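>>> Structural data only, the sequence is not supplied:
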């Protein structure tokens, strides 16, 4: 049994219904509060070894996140899911629900797929809170009808508190990476474990790691060059090793599955509608949250200034247009503030090709060391 | 309509087949030149300039006395058609934009950041306001954001929910709310007052134009077809640049009249039409003449396209959704999802099924378009369903709508010829 199989089995053994959420920022607290176990279907490289099934449904110019997701849901491993949830995170993901329906139908399977639309209007332009309220309430009703569960404000408050704690612990852990006490590779592994475990288990894991004695001292060389790492997902493990071996220290991250996900947690949890209005509209900026574009550049500059980063390593998810449109402008702005940028592109086949990046990382390191 | 006997064909038709310049085609060139000249002129004279995504309801701008609009996607398609697509793409790539980004965007960015150089229309006048929408694609929002950041131009995002089913009332209300905010934004920025009667007239014109458009497309029902899809591709252009104008009504009326007249006279683009095909995706703008002639030489005609029959219909439908004279803003909101990209697979399949039955299709060409993921990333399952459930042969070809560097003619025609063989095999099997 692989590690991935263990993770799935351990989740299933807990007995709850499991909702496979499409990336990037699903309403995890809501599912949890209704007795469902949300997992987020990204970072699935360890779970799917090929993309053969996905390739029957998606052209090769779909990103690896989408292809891995389709492969996973349609594979035997995907049989442990009791439902799927998606929102309009990007052009590719919004096309997937019916493609998955076709694939599931071919295998004689069916899954409830919950779809919602998160408003993408800038709040100063159009007040979309009313529309978001309607969509959140509709989602709650669909979940209640489908699974015979009932929404409870008290349980929602409890779930919000748990996710808030987990996010806060992730931030604490990130500080250790910035200080050089914890490798970025290990941090990413621990952070991502949360996407395939219950929030309670993730909190336990985060606390356990934070209490490790070994984290009280710095491990990376004092001469390590501080950089920000940015992208949708962290780079494949081999590339992280290459990055750290080349003499970089990840002083901050702007990764969608990491900082962009855990940076902001609303204070109030009086009701799910106001909670998610706050959650989405004040979210850490991300190119996929279209209304957050104006804030993004300022936030990256602040991140660079606060972390003392001298470089910005962009882990480009091949075919992710949302990310790529911003890069030329970001590069220019960062250069003006004295931060150099190294754009790398990761495609679905690149797990085993990290050596190709090593030379570029070494050259970048040399350049930054001056 | 009576079918023409082959030996009655007019002389000129025996010499050239495929997509040919008709009277409506000649008039189209004039309209496009006038539209772009008027745009530049009015902008120079101080009009408030808006750049819009292709499906932003431009009738709204007609409600203002001195607001003009430009459509970068349409300009990019024209640039590709005129052969300057790769040149402008390379300029954008030289500025750091990935070659994997949509070729419309790359052409537009290449043109805009080079001051309109090499553009068939001398580029577009600089905007005072950018209006994008995410129902066709979110990348459009990202694309317009580039200008928003570079030039500091305000950017209004129309957020339109995707349709897995027919549009819901809550979505319509949400769209209406945003239209009202857009009108208020323009009033505030331009200092002009929105005139509801001018706006209503524009919507009436659009409704009428689309009725003629549908009449024009109907000529595909005839055997042989009265049109090729290449005619309809190019004739879409004024719908984007003159939406809501009286000139558009007149043009589409004449286009439909001329087409019907040609059919009655026995003038057909592919007189020996043996294969009646349907195209699924945006037009390959750089290949219109070449592809049309080469298909005609094989007695094949692409007579319909999801890209063109969606105009004037609701999501999942094929027939005209007529404007009934009611609230014009509501009509626009209800038709906001008319283009294929914001439709789910079921809706796309539903309308394609109707098209196949209505115009009599023998085979479907699914053009897998690297520059348009939203259009393309459903096609593998669509193809499977068309094959299996409708027993219609279909193939997938690789194209890029505006970047000819990503297109190989021989590879595409090998697939199309295989499709024609499949159609032959099916027909022979039916006979035996």
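Yep, that arrived. Keep in mind that what you see is a predicted model, and the values were worked out from it rather than measured. Numbers count the residues shown, from 1 in each chain, chains lettered A, B, ... in the order given.

>>> Residue numbers of the stretch 101-250 of chain B in contact with chain A?
B:101-102, B:105, B:134, B:137-139, B:141-143, B:145-146, B:148-150, B:156-159, B:161-162, B:164, B:170-171, B:174, B:177-178, B:181, B:185 (CB under 8 Å from any CB of the partner chain). Bear in mind the C-beta positions are built from the backbone N, C-alpha and C, glycine included.

>>> Find the nearest non-adjacent residue to the residue in the stretch 1-150 of chain A that chain B sits nearest to, please.
Using CB to the nearest CB, the closest approach of the stretch 1-150 of chain A to chain B is made by residue A:98 at 3.7 Å. Among residues not flanking residue A:98 along the chain, residue B:345 sits closest, at 3.7 Å (CB to CB, 6 or more residues apart in numbering or on different chains).

>>> So which elements touch the helix or strand containing residue A:169?
Assigned by DSSP states H and E, residue A:169 belongs to helix A:153-179. Using 3 or more CB pairs under 8 Å, 6 or more residues apart in numbering or on different chains; DSSP states H and E, the elements in contact with helix A:153-179 are helix A:28-33, helix A:184-193, helix A:199-210, strand A:248-255, helix A:259-262, helix A:272-281.

>>> Run through the stretch 201-350 of chain B and note the low-pLDDT ranges.
Counting by pLDDT under 70, the stretch 201-350 of chain B shows no low-confidence range.

>>> where do the strands sit along it?
For the stretch 201-350 of chain B, the strands defined by DSSP state E, counting those that start in this stretch cover B:275-280, B:300-305.

>>> got a list of contacts for the last one?
So that's strand B:300-305. Applying CB atoms under 8 Å, 6 or more residues apart in numbering or on different chains, the contact partners of strand B:300-305 are B:217, B:220, B:224-225, B:227-230, B:232-233, B:269-270, B:273-281, B:283, B:295, B:355, B:359, B:361, B:365, B:416, B:420.

>>> Just the buried ones among the residues you listed, please.
Buried members of the contacts of strand B:300-305, counted by 16 or more other CB atoms under 10 Å in any protein chain shown: B:217, B:220, B:224-225, B:227-230, B:232-233, B:269-270, B:273, B:275-281, B:283, B:295, B:355, B:359, B:361, B:365, B:416, B:420.

>>> Now find how far off-centre the helix or strand containing residue B:30 is within its chain.
Taking DSSP H and E as the definition, one finds residue B:30 inside helix B:23-44. Remark: helix B:23-44 is offset 18 Å from the chain centroid, using CA atoms, centre = their mean, to the nearest Å.

>>> Distance from the chain centre to the next helix or strand after that helix, please.
Moving toward the C-terminus from helix B:23-44, the next helix or strand (DSSP H and E) is strand B:48-52. A distance of 20 Å separates the centroid of the chain from that of strand B:48-52, by CA atoms, centre = their mean.

>>> Any regions of the stretch 1-150 of chain A where pLDDT drops low?
Of all residues in the stretch 1-150 of chain A, those with pLDDT under 70 make up the ranges A:1.

>>> Just the strands from it, written as ranges.
For the stretch 1-150 of chain A, the strands defined by DSSP E, counting those that start in this stretch cover A:17-21, A:36-40, A:83-87, A:113-116.

>>> now the ones you listed as a markdown table including mean neighbour count and distance to residue B:88?
Shown next, in a markdown table, are the strands of the stretch 1-150 of chain A (neighbours: other CB atoms under 10 Å in any protein chain shown; distance: least, CB to CB, whole Å):
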| stretch | mean neighbour count | distance to residue B:88 |
| --- | --- | --- |
| strand A:17-21 | 22 | 40 |
| strand A:36-40 | 22 | 39 |
| strand A:83-87 | 22 | 34 |
| strand A:113-116 | 20 | 37 |
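
>>> okay if I get those strands as a markdown table plus distance to residue A:295?
Converted to a markdown table, these look like this (distance: least, CB to CB, whole Å):
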| stretch | distance to residue A:295 |
| --- | --- |
| strand A:17-21 | 24 |
| strand A:36-40 | 23 |
| strand A:83-87 | 20 |
| strand A:113-116 | 23 |
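
>>> now those strands as a markdown table including distance to chain B?
Below are the strands of the stretch 1-150 of chain A laid out as a markdown table (distance: least, CB to the nearest CB, whole Å):
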| stretch | distance to chain B |
| --- | --- |
| strand A:17-21 | 17 |
| strand A:36-40 | 20 |
| strand A:83-87 | 10 |
| strand A:113-116 | 6 |
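
>>> Can you tell me which residue is spatially central in chain A?
residue A:257 (1.9 Å; CA atoms, centre = their mean).

>>> Mind pulling the model confidence for it?
For residue A:257, the model assigns a pLDDT of 97.

>>> for residue A:222, same thing?
69.

>>> Check residue A:351 too.
Residue A:351 carries a pLDDT value of 65.

>>> Repeat that for the one 3 residues further on.
What the model reports as pLDDT for residue A:354 is 75.

>>> burial of it, as a residue count?
By other CB atoms under 10 Å in any protein chain shown, 19 other residues sit near residue A:354.

>>> rewinding a little: check which helices and strands the helix holding residue B:30 sits against.
Contacts defined by 3+ CB pairs under 8 Å, 6+ apart place helix B:23-44 against strand B:67-70, helix B:229-235, helix B:237-241, helix B:246-265.

>>> This completes my enquiry, with thanks.
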